[in-house]
Every structure is written in C-alpha cells, then in structure tokens.
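Visitor: Next one to model:
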Amino acid sequence: MQKKVILLALIPIFIFSLLNCVQAKPSAKTYYKQGETYLQEEKFDEAIKNFSKAIELKPKYHEAYIKRAEAYLNLNSNLDAINDFSKVIELKPKITEAYLGRAIAYNNTENYAKAIEDFSQVIKSKPKLGEAYNGRGSAHLFTNDIDKAIEDFSKAIDLNPNNCEAYLHRGATYYNIHCISEAIADYTQAIKSEPKNSVAYYFRGFAYYRLKNYGNAAADFSKSIELNPKDAKSYLNRGYTYIKLGNTHKAISDFTKAIELNPNDRQAYYCRAEAYEKIGDRAKSDLDLKKALSL
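Guide: Sure thing, here's the model as predicted:
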C-alpha cells in the first residue's frame with residue numbers, strides 16, 4: 001500500500017518533467033547542428049535560417065558565423081559573407097579560416113586590394129596553404145600585377161604539383177601576355193591533373209587557335225563539348241575553328257547549337273550569317289543579321 005502511495009505521488013512530478021521537456025526551446029547548438037546538416041545538403045537558405053537562430057541565442061557563437069558565411073558564399077551573397085567573416089575576426093582574430101573566406105569574398109566583389117591583404121594574412125599563418133597563393137595570384141592578375149601573379153601561381157604549384165586550378169590560372173596569365181606556348185604547357189598539366197576538366201580543354205583550344213593550329217583547337221573544343229555538352233561557348237569557338245578548316249557546314253551546325261543553348265548570343269547569329277553567306281544562302285544570312293541587330 002505504501003509503495004502504491006509513493007508511486008502515485010511521483011506521477012505529478014513525472015508529468016511536470018515531461019511538460020518541461022515539451023516546452024523547452026531548441027538550444028543554439030541544436031540550431032547549429034541542423035544548419036550544418038542543411039549546409040551539407042546544399043540547402044543554403046535553410047542553413048542560413050538555422051545559423052541565424054543559433055546566433056540570436058548565442059551572439060558570440062563564432063562557429064555559427066563561419067558556417068553562415070560559407071552558406072552566403074555559396075549563394076554568391078558576398079557582402080553578407082564579408083560581414084560574417086569580419087565578425088568572426090572581431091571575436092577570434094587568430095582564426096585563419098575567416099581571413100581566407102573573407103579574401104575569397106573580396107575577390108568575388110572585385111575588391112582586390114582587400115583580398116590581397118587577407119590572403120597575405122593567411123599565408124603568414126599557413127605558409128604551405130596553396131589555396132591562399134592561388135587566390136592571391138588571381139587578385140594580382142586582376143590588378144595587372146603579372147609578375148606577382150605568376151609567382152603566386154607557381155608557389156601554389158610547387159606546394160601541390162597536381163593543382164589544376166593553379167595551372168589554369170597561370171596558363172591564363174601566360175595567354176594574356178602572349179606567351180602562348182607556356183599557356184598550352186600549363187593547360188596540358190591541368191588536363192593531366194584533372195582529365196575530365198572541360199575548362200582546361202576549352203582554354204587550350206583557344207591557345208591552339210591563337211597559334212593557328214586549328215586541328216588541335218577543334219579537337220580540344222570537341223573534348224570540352226563531350227565533357228560539358230551544354231557549354232554554348234565551346235560550340236561557338238569550334239564553329240570558328242571549322243570555318244578556318246574550310247568546313248562551313250559543320251560550322252553552321254555548331255553556331256546553330258550555340259544559339260539553341262543561348263538564344264540571346266548576338267555573336268553566334270553574326271557568325272552563322274557569315275557562314276550562310278559563304279555557302280550562298282543569302283536569305284538565311286539576312287535573317288540572322290536582322291536577328292543579331294535586334295539583340
């Protein structure tokens with residue numbers, strides 16, 4: 001009888017405890033963990049909402065600021081990302097990840113001076129981080145500091161000889177200063193490190209075209225198309241190349257595909273108009289010229 005009374009007395013306490021559990025609000029850590037899940041699933045808007053909730057509950061939650069900034073970067077919301085990375089630096093000035101993320105966002109917003117400053121800060125604390133040299137090299141390239149750009153891309157390659165992105169960037173730098181053979185060598189190394197990288201074939205095709213090596217150019221544009229069939233520019237440039245090779249009908253086919261993929265590409269209509277003119281189809285040429293002028 002006594003045990004029954006004790007059990008009955010405990011029932012209200014048990015119910016009260018359950019009610020407290022039901023009424024308890026999610027913690028900052030709970031929102032943070034849910035935000036991480038959404039970030040991994042590439043549900044960036046949902047991730048931001050959860051990280052924001054975590055920050056509301058814990059205003060100095062620097063990990064949540066970092067993750068929210070990553071989500072903003074993925075949505076190309078660079079100014080929001082910069083604000084969040086800056087907050088992390090304010091709270092924890094020695095977190096390299098925040099300087100690196102902010103540098104990337106500065107590059108994206110064409111604030112290259114600030115980007116160089118942040119990448120340099122990263123390099124001071126992590127001198128073997130190739131990503132920082134590659135990013136700083138890009139900023140130097142866009143500010144036309146060619147020597148420093150090549151130096152940084154080369155350092156990134158020294159640190160990781162399979163760094164496809166660094167080869168692509170250094171190749172583009174060489175191309176811009178008319179060192180075409182050096183550009184081709186770098187694009188070839190990029191292809192060796194990432195054989196399925198359509199961009200590397202595309203740019204090497206460009207370089208071969210510049211050297212009037214139209215056979216190799218057409219082969220590279222074809223490979224780029226094989227790897228990325230929805231790239232209108234690869235069709236357009238292979239079309240140019242076919243014109244040089246004297247295969248006007250293949251060129252028309254490529255210009256038509258480029259227009260199909262990007263109906264507002266004025267250049268593709270101009271090129272197809274010229275190709276139609278070459279084969280004597282004046283009516284179709286005139287139609288394409290009119291369409292190009294209307295865009």
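
Visitor: how about the host helix or strand of residue 84: buried residues?
Guide: Using DSSP states H and E, residue 84 falls within helix 78-91. For helix 78-91, burial by neighbour count (16 or more other C-beta atoms under 10 Å) applies to 78, 80-89. The C-beta positions use only the backbone N, C-alpha and C, and glycine is treated the same way.

Visitor: repeat for stretch 38-53
Guide: Going by neighbour count (16+ other C-beta under 10 Å), the buried part of stretch 38-53 is 38-39, 44, 46-53.

Visitor: tell me the contacts of the residue most central in space within the chain?
Guide: Compute the mean C-alpha point of the chain, and by C-alpha atoms, centre = their mean the closest residue is residue 74, 8.5 Å away. Contact partners of residue 74, counting by C-beta atoms under 8 Å, 6 or more residues apart in numbering, are 42, 44.

Visitor: next one: residue 237
Guide: 202, 205-206, 209, 217, 221.

Visitor: Kindly provide the distance from it to residue 253.
Guide: Look at residue 237 and residue 253: by C-beta to C-beta, to the nearest Å, they are 14 Å apart.

Visitor: Tell me how many other residues surround residue 31.
Guide: The number of residues packed near residue 31 is 23, by other C-beta atoms under 10 Å.

Visitor: Ok, residue 227 next?
Guide: If you count neighbours by other C-beta under 10 Å, residue 227 ends up with 17.

Visitor: Tell me how far it lies from residue 68.
Guide: Taken as C-beta to C-beta, the span from residue 227 to residue 68 is 34 Å.

Visitor: Can you classify residue 144 by secondary structure?
Guide: coil (DSSP: H, G, I helix; E, B strand; the rest coil).

Visitor: Report pLDDT for it.
Guide: Residue 144 carries a pLDDT score of 95 in this model.

Visitor: Now do the phi/psi pair for it.
Guide: With angles defined as degrees, to the nearest 10, residue 144 sits at phi 70, psi 30.

Visitor: what's around it, how many residues?
Guide: The burial count for residue 144: 8, using other C-beta under 10 Å.

Visitor: got it, and residue 149?
Guide: With other C-beta under 10 Å as criterion, residue 149 counts 24.

Visitor: contacts for the helix or strand harbouring residue 33?
Guide: Per DSSP H and E, residue 33 falls inside helix 28-40. By C-beta under 8 Å, 6+ apart, the residues outside helix 28-40 that reach it are 44, 46-51, 53-55, 57-58, 61, 63-64, 67-68, 70-71.

Visitor: pLDDT on it, on average?
Guide: 96.

Visitor: repeat for stretch 224-244
Guide: The pLDDT scores in stretch 224-244 average 98.
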